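Colleague: Dropping a prediction and its sequence here:
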Amino acid sequence: MVCDKIVIVNVDAALKNNGEILRIIKDKYRSISKLFNFRNSHQVHFVAPPSAQNDIYLAMNEVYAALGEPFNFSEDDKTLFLKLVEEITPDKMEAFLRDQFKPGECFARDDKLRHGWRMSGPMYGVCAPTAERRKVLLHLCVLAINEQYNMHLTELSAAGFSIDDHVPKSTNGEKTAPHPLSVQSPPTVADGSSNNIQAVSDKLGTPSKVEKRCDLSPPVAPTEGNSIAREGTSELIVRLENECAQSDGSKAHEDLSGMLGEGIELPCREFSLAVLRESANDDVVSPTLCGRIQRSHESLLTQVAAPVPEELASKIVAYYTERRYRLVDVLNGSKDDITAVCSNIGVAVSYGDDGHAVLYSQAAIDASELQQLLDLAEDIIFTRYGSGRLTVQVAQMTSTIERLFTLNPEDNTTQEESLVVENSPDAVLLTDFLATACASSLRNGESIDVLSVSPLNSFPVDVTFVVRGMSGQRLKSRAEDDILPSVTGALSPSSALSPSS
């Protein structure tokens, strides 16, 4: 078996929901035997047979994308950097570097001193979908810090991979050669990949002397399959668009396949041309083989080759978007009242057509201060208008629950199957039932109001309700984590009242 490990930034995100993000990545790569956070530290370990080395490298990229790739400083520079962050506070450092990031990217941070397997932290880095983009961001952040604070930090050659890295493939069961990402100790300058240094040099300008010394590998001779990769992206797009006007995009598909090399399958000709067109705009977020990733000239090839999966990408976006915005259910609230209340505390509101509002701040404030404002605005809305709509699915009914849901026959004859039964006898009776069944979970003045019940002749039956009379702080968490499970338990067969009662 092969055991590789990498150092990540955001340990709390790795441990969240019992390591949910790491489980998602492991489930995608079935050949990986174990993928886990090591003793609540900044290390993530990968265990797999030698033949699965390729999957380990791809999984490493997705772990970095979700949990952050750290800055790679020398010990002296690391000490200076941590002192700087401590002096100006992590929130201000994150706000200062915010302009370096595009949508789907962010500053990764872990402010804790962790006493796990070995003492480590605090730690900081970047989150981005690809290795090439992360290296560019790391260098851009270091340049911005040096310029702003008159420092001379040096980002060492970060270990990473791109489509030009020759991933070792074992065909006889022998252990493959170590990959640049598979580091057993903090990487040094000599560990740098010449391909990765060249990519960063193209972005930032002339390479430094250290980078030139690291560029030891001979140039790769162009072949018929990859020679098109040396053509500029803009010129390639123009040429392919002209050709596709007469050949329905088949040439674009062939050329993009040639750029990617063997082993990379593309779904259709239309996708190939769309990728090349959208790559001309750095600010465009477009669909990929498995999810949404940020497009840029420098990382087009890598992003198509190893995108972040849709399920993981959505969780990453949700995790970091939640820090800047807040989605609140305001179906029964007054828009004028909500806008006035939020504006008094410096929070702006945007309303959707589905009864939800997006809370945000137009002012450039620290992340911690913004979270406090959003929490306060959300709690005020919940106090005035209830918890927002919560839904329980009843997959199986006992005889008691069936009696609660029994409608008058005349109502059944006029109710269409596709409609939700609102203000029905079911809702009224069920409201009374839940007031008793969930009394232990409700505080003084709180009540459960059932809004609607889906048609009874199709399972599962959806019961939508709100919790009214709430007051205090962190009301959304209380409604979803305490009261919703109580209602679910009251309606489940194991908790429902027996027929004899």
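Modeller: Structure's in. What do you need? The shown structure was predicted, so the numbers you read here are calculated from the model rather than taken from an experiment. Numbering: from 1, shown residues only.

Colleague: which intervals of the stretch 101-250 of the chain have sub-threshold pLDDT?
Modeller: 115-119, 157-250 (pLDDT under 70).

Colleague: do that again at 50, thanks
Modeller: When residues are selected by pLDDT under 50, those of the stretch 101-250 of the chain lie in 158-241, 243-249.

Colleague: Repeat that for the chain.
Modeller: 158-241, 243-249, 251-253, 255-306, 320-321, 407-422, 495-501.

Colleague: what's the domain layout of it?
Modeller: The record's domain parsing of the chain by automatic domain parsing lists 2-214, 227-316, 323-385, 390-491.

Colleague: Double-check that Gly333 belongs to a strand.
Modeller: No. Under DSSP: H, G, I helix; E, B strand; the rest coil, Gly333 sits outside any strand and is assigned coil.

Colleague: Going along the chain, name the strands of the stretch 351-500 of the chain.
Modeller: 356-360, 390-394, 421-422, 447-453, 461-468 (DSSP state E, counting those that start in this stretch).

Colleague: Next, format those as a markdown table and append distance to Met93 and mean neighbour count.
Modeller: All C-beta spots, glycine's among them, are computed from the backbone N, C-alpha and C. Output for the strands of the stretch 351-500 of the chain, formatted as a markdown table (distance: least, Cβ to Cβ, whole Å; neighbours: other Cβ atoms under 10 Å):
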| stretch | distance to Met93 | mean neighbour count |
| --- | --- | --- |
| strand 356-360 | 21 | 18 |
| strand 390-394 | 38 | 17 |
| strand 421-422 | 50 | 16 |
| strand 447-453 | 44 | 21 |
| strand 461-468 | 39 | 21 |
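
Colleague: Which of those strands sits closest to Glu378?
Modeller: strand 356-360 (6.8 Å; Cβ to Cβ).

Colleague: For that closest one, name the packing helices and strands.
Modeller: With contacts defined as 3 or more Cβ pairs under 8 Å, 6 or more residues apart in numbering; DSSP states H and E, strand 356-360 has these neighbours: strand 326-329, helix 335-344, strand 348-351, helix 367-385.

Colleague: In a markdown table, list those along with mean neighbour count.
Modeller: Below are the helices and strands packed on strand 356-360 laid out as a markdown table (neighbours: other Cβ atoms under 10 Å):
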| stretch | mean neighbour count |
| --- | --- |
| strand 326-329 | 19 |
| helix 335-344 | 14 |
| strand 348-351 | 15 |
| helix 367-385 | 19 |
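
Colleague: Quick one: closest of the ones you listed to Arg30.
Modeller: Closest to Arg30 of the helices and strands packed on strand 356-360 is strand 326-329 (Cβ to Cβ; 34.2 Å).

Colleague: would you say Val126 is within a strand?
Modeller: Yes. Under three-state DSSP, Val126 sits within a strand.

Colleague: The residue nearest to it when sequence neighbours are not counted: which element?
Modeller: Closest residue to Val126 apart from its sequence neighbours, by Cβ to Cβ, 6 or more residues apart in numbering: Leu137 at 4.3 Å. If you go by DSSP states H and E, Leu137 is part of helix 131-149.

Colleague: wait, which of the helices and strands packed on strand 356-360 is closest to Thr154?
Modeller: helix 367-385 (27.4 Å).

Colleague: Tell me the helices and strands packed up against the host helix or strand of Lys26.
Modeller: Secondary-structure element containing Lys26, defined by DSSP H and E: helix 11-28. Applying 3+ Cβ pairs under 8 Å, 6+ apart, we find helix 11-28 packed against strand 34-37, helix 53-67, helix 310-321.

Colleague: Partner strands of the very next helix or strand once past the shortest one, with direction?
Modeller: Spelled out, that is strand 34-37. Next helix or strand after strand 34-37 toward the C-terminus (DSSP H and E): strand 43-48. In the sheet, strand 43-48 lines up against strand 2-7 (antiparallel), strand 34-37 (antiparallel) (DSSP bridges).

Colleague: ok, and what's touching strand 43-48?
Modeller: 1-8, 14, 22, 31-38, 55-56, 59-60, 63, 67, 117 (Cβ atoms under 8 Å, 6 or more residues apart in numbering).

Colleague: what comes up buried for that strand?
Modeller: Going by neighbour count (16 or more other Cβ atoms under 10 Å), the buried part of strand 43-48 is Gln43, Val44, Phe46, Val47, Ala48.

Colleague: quick one: which of those residues is nearest Arg133?
Modeller: Val44 (19.8 Å).

Colleague: Distance check, that closest one against Phe36.
Modeller: Distance, Val44 to Phe36, using Cβ to Cβ, to the nearest Å: 7 Å.

Colleague: Show me whatever sits in contact with both of the two.
Modeller: Common neighbours of Val44 and Phe36 (Cβ under 8 Å, 6+ apart) are Leu22.

Colleague: beta partners for the residue nearest to Leu374 when sequence neighbours are not counted?
Modeller: Spatial nearest neighbour of Leu374, chain neighbours left out: Arg326 (4.3 Å); criterion: Cβ to Cβ, 6+ apart. When bridges are called by DSSP bridges, Arg326 pairs up with Leu359.

Colleague: what's the burial count for Gly445?
Modeller: Per other Cβ atoms under 10 Å, the neighbour tally for Gly445 reads 9.

Colleague: wait, Val461 sits on Thr391?
Modeller: No. Under the criterion of Cβ atoms under 8 Å, Val461 is not in contact with Thr391, lying 10.5 Å apart.

Colleague: For Asp366, which residues are in contact?
Modeller: Asp366 neighbours (Cβ under 8 Å, 6+ apart): Thr89, Asp91, Lys92, Glu94, Ala95.

Colleague: so what's the second one closest to, chain neighbours aside?
Modeller: Using Cβ to Cβ, 6+ apart and skipping the chain neighbours, the partner closest in space to Asp91 is Asp366 (3.8 Å).

Colleague: quick one: that neighbour from Lys112, how far?
Modeller: Counting by Cβ to Cβ, the gap from Asp366 to Lys112 is 18 Å.

Colleague: got it, and Gln473?
Modeller: Going from Gln473 to Lys112 by Cβ to Cβ gives 23 Å.

Colleague: Over to Asn17?
Modeller: Counting by Cβ to Cβ, the gap from Asn17 to Lys112 is 19 Å.

Colleague: Give the residue from these two that has the larger number of neighbours.
Modeller: Set Asn17 next to Lys112 and count neighbours by other Cβ under 10 Å: Lys112 wins out with 12 against 9.

Colleague: Would you verify that that one is located in a helix?
Modeller: No. Using three-state DSSP, the assignment for Lys112 is coil, not a helix.

Colleague: show me the contacts for it.
Modeller: Val11, Gly121, Pro122.

Colleague: Can you say which of those are buried?
Modeller: Val11, Gly121, Pro122.

Colleague: My guess is the last one contacts Met93. True?
Modeller: What that stands for is Pro122. No. Counting by Cβ under 8 Å, Pro122 stays clear of Met93, with 10.8 Å between them.

Colleague: can you list residues touching both of the two?
Modeller: The contact sets of Pro122 and Met93 overlap at Val85 (Cβ under 8 Å, 6+ apart).

Colleague: For the buried ones among the contacts of strand 43-48, write the corresponding PyMOL selection.
Modeller: Restricted to buried positions by 16+ other Cβ under 10 Å, the PyMOL selection for the contacts of strand 43-48 reads:
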select buried, resi 2+4+5+6+7+8+14+22+32+35+37+55+56+59+60+63+67
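
Colleague: Many thanks, we can stop here.
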